[in-house]
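1. Fold the following.
(one chain, ligands or ions: 1)
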Amino acid sequence: MKKKLVLSNAAIIVAGFIVAFLLAALQVQQQYTNEFTKRLDTALSILSTQTDEIRKNPEVAATDIGAELAKSGQQMRISIIDLNGKVTGDSAKEEINQNHSNRPEILQARENGVGYDTRISASLNERYYYKAVYIKDQFFIRAALPTADLDAVINRLWIVALFSMLLGIAVVCIVTSILVYRMTEPLNRLSDTARQISYGDYSSRVDGEYKDEVGELAQSFNKMAESTEAAVSQLKSKQNQLEGVLQGMDDGVLAINQENEILFLNHSARVQLQKFSLRDGCRLEGSLLIGKIAKLMKDAINSSEAKKELLAGAPNEKQFMVYASPIEGQKAKSALAVITDVTRVRKLEQLRSEFVANVTHELKTPLTSIRGSIELLKSTDRDEKPRRYFYDVLDIEAERLHRLIDDMLALSQIENAKEDPSVRRCSVEEELMDCIDRLTPLAGKNQIQLTLDADSSLFVSCSPTRFQQLFGNLIENAIKYNKPNGSVTVTAQRQRQTAVIRVKDTGIGIAPEHFDRLFERFYRVDASRSREIGGTGLGLSIVKHLAALYGGEVGVESEVGKGSTFIVRLPLLPNEP
Ligand code: ADP
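-> Okay, here's the model as predicted:
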């Protein structure tokens, strides 16, 4: 802009100077011409009165008249030219042999009586202004004034004009530059600030005090920048809040555009999709599950409708409820998905329905038996022996129901207990000894030998009743699922900070394919045998939950036909000083 203004101003100045100079030069030239004409006219009118002397001796007359004019301060050349164009007399005292009949002023004079011309004299090699008068049928009188003066004035005029033009241009350039700088500097600042703001520096302002319209513009601009900054910071803080909420969500949140490029995804989404390399800007692809989610989101974009589907990579993998919704009000279409891991919920639902089915079944069996026995007792008069049999059945089934309800209650209490308030420091050896004492009659009845080998220095933190319940169940199983004349060995050893308690039997053993489900509620390896010996199918589940309640775990090693070993690990308490 600055350059343009300077150049255009300089061009205007140059054009102005050229026009002004041309007018002045023409004016000067015109004045000189008028002056020359006047002088030549005067001289020629005098000469016209002396035609007789000129005719007599043109050469002397021309010389004399020239000398006289020179005396009066008028340097003028006088020439007498005969009708044939020969110069018969000339005050220049030069012998002039050239024929002058074709000279423009002579030709004009022959035609009009008077003729003018300006040119470089061919004979004197000097520039002259000529005027010729035709003295009818006698000769031509020609007066000539050298134009050297006029030429010098015009030349000087050119030089002065050129210098003043250069000076003018220089002055114009400097003044225009200063003015333009003053005018454009605030505009430059405005544009710099605008550029900085466009690059994201919203704190940038136009500084400096400007009083004119530019000042008002700068003020308005600063106000606009302030409100933009406030709006942007508000927007940013809201965005941060939103991002914080989205990042902190347990559900995965994911947004993509139509080109399947990720616009946003939170940490949970990365965890759930098991693809930590996923980033904003990269494509949503990588696994079967990701492909299914991408397809659902694309469907939502294309149909402009929210979609909801239960998705999983493979049948046995985690299950996700994916809710994909198109994002409205944007030029480029995009979609947002909320991914919820429903594996646990589904599993719980499945467990609950399995549990209800199992409980119903477990309750129904003894109840059917009880109802049958009652019906039979009511129907006819029975002998003492069958009546006794039915009473025994009633007793056994009622006992089974009682145990079932007891076990279910115990399990529910253990499951719901986050911590046991009745815990205390228990000696592993003493508690195991109590257990063995309690179960010795049962072992005797089944011809099983019970042995205990426990390290007396082991102490754990638990409720004695629960401890009895845990190991009572394991030892009772070891007796129940044993072979006649078999044995059950209970050992307790220290292993670093853990008490390792093993209940080993020489019983029927368990096939490895049952290990995974053995501790599930109502899971039985041999259901009929378990029922026959009064099992509820809840014993090992209680064992597992109790071990977990006290920070321990339970495992099993077994071989069919040879026996099983149940291993319980509980965290040890430090020995008392
Ligand atoms: P139950 O009341 O039927 O004994 P448990 O939960 O205590 O229920 O045991 C689950 C199943 O594990 C039993 O039905 C039995 O088949 C098997 N089991 C448990 N302990 C032993 C063992 N020591 N030896 C062989 N099988 C066992």
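2. And the helices in the stretch 401-550 of the chain, which stretches?
-> 428-445, 464-480, 527-532, 539-549 (DSSP state H, counting those that start in this stretch).
3. Counting by contacts, list what the second one packs against.
-> It stands for helix 464-480. strand 424-427, helix 428-445, strand 487-495, strand 498-505, helix 539-549, strand 563-571 (3 or more Cβ pairs under 8 Å, 6 or more residues apart in numbering; DSSP states H and E). To be clear about C-beta, it is placed using only N, CA and C from the backbone, and glycine gets the same treatment.
4. continuing past whatever helix or strand residue 79 lives in, what's the next helix or strand?
-> Secondary structure assigned from DSSP states H and E places residue 79 in strand 77-82. Using DSSP H and E, the helix or strand that directly follows strand 77-82 along the chain is strand 87-90.
5. what comes up buried for the helix or strand in which residue 311 is found?
-> In this structure, residue 311 sits in strand 307-312 according to DSSP H and E. By neighbour count on 16 or more other Cβ atoms under 10 Å, the buried set for strand 307-312 is 307, 311-312.
6. mean confidence for that strand?
-> Over the span of strand 307-312, the pLDDT mean works out to 92.
7. next structured bit after that strand?
-> strand 319-327.
8. Just the buried residues of that next one, please?
-> Neighbour-count burial for strand 319-327 [16+ other Cβ under 10 Å]: 319-327.
9. what's in contact with stretch 279-299?
-> 254, 256, 258-265, 273-275, 277-278, 307, 309, 311-314, 317, 320, 322, 324, 335, 337, 339 (Cβ atoms under 8 Å, 6 or more residues apart in numbering).
10. Quick check: the residue of the stretch 101-250 of the chain nearest the ligand.
-> Closest to the ligand within the stretch 101-250 of the chain is residue 250: 34.1 Å, counting by Cβ to the nearest ligand atom.
11. for that residue, helix, strand, or coil?
-> coil (DSSP: H, G, I helix; E, B strand; the rest coil).
12. what's near enough to touch the closest residue in space to it that isn't next to it in sequence?
-> Distance criterion Cβ to Cβ, 6 or more residues apart in numbering; nearest residue to residue 250, sequence neighbours excluded, is residue 268 at 5.9 Å. Counting by Cβ under 8 Å, 6+ apart, residue 268 touches 249-253, 339.
13. now residue 312
-> 289, 318-320.
14. how far away is residue 504 from the ligand?
-> Here the criterion is Cβ to the nearest ligand atom, to the nearest Å. By it, residue 504 lies 9 Å from the ligand.
15. With residue 479 instead?
-> 8 Å.
16. correct me, but that residue touches residue 442?
-> Yes - if you go by Cβ atoms under 8 Å, residue 479 and residue 442 touch, sitting 5.6 Å apart.
17. quick one: which of the two has more around it?
-> More neighbours surround residue 479 than the other of residue 479 and residue 442, with 24 against 14 (other Cβ atoms under 10 Å).
18. check contacts around the more buried one.
-> Per Cβ under 8 Å, 6+ apart, neighbours of residue 479: 439, 442-443, 446, 448, 450, 488, 505.
19. again, but for residue 510
-> Residue 510 neighbours (Cβ under 8 Å, 6+ apart): 518, 525, 556, 558, 560, 564.
20. Next, find the distance separating it from the ligand.
-> Noted for residue 510: a distance of 5 Å to the ligand, by Cβ to the nearest ligand atom.
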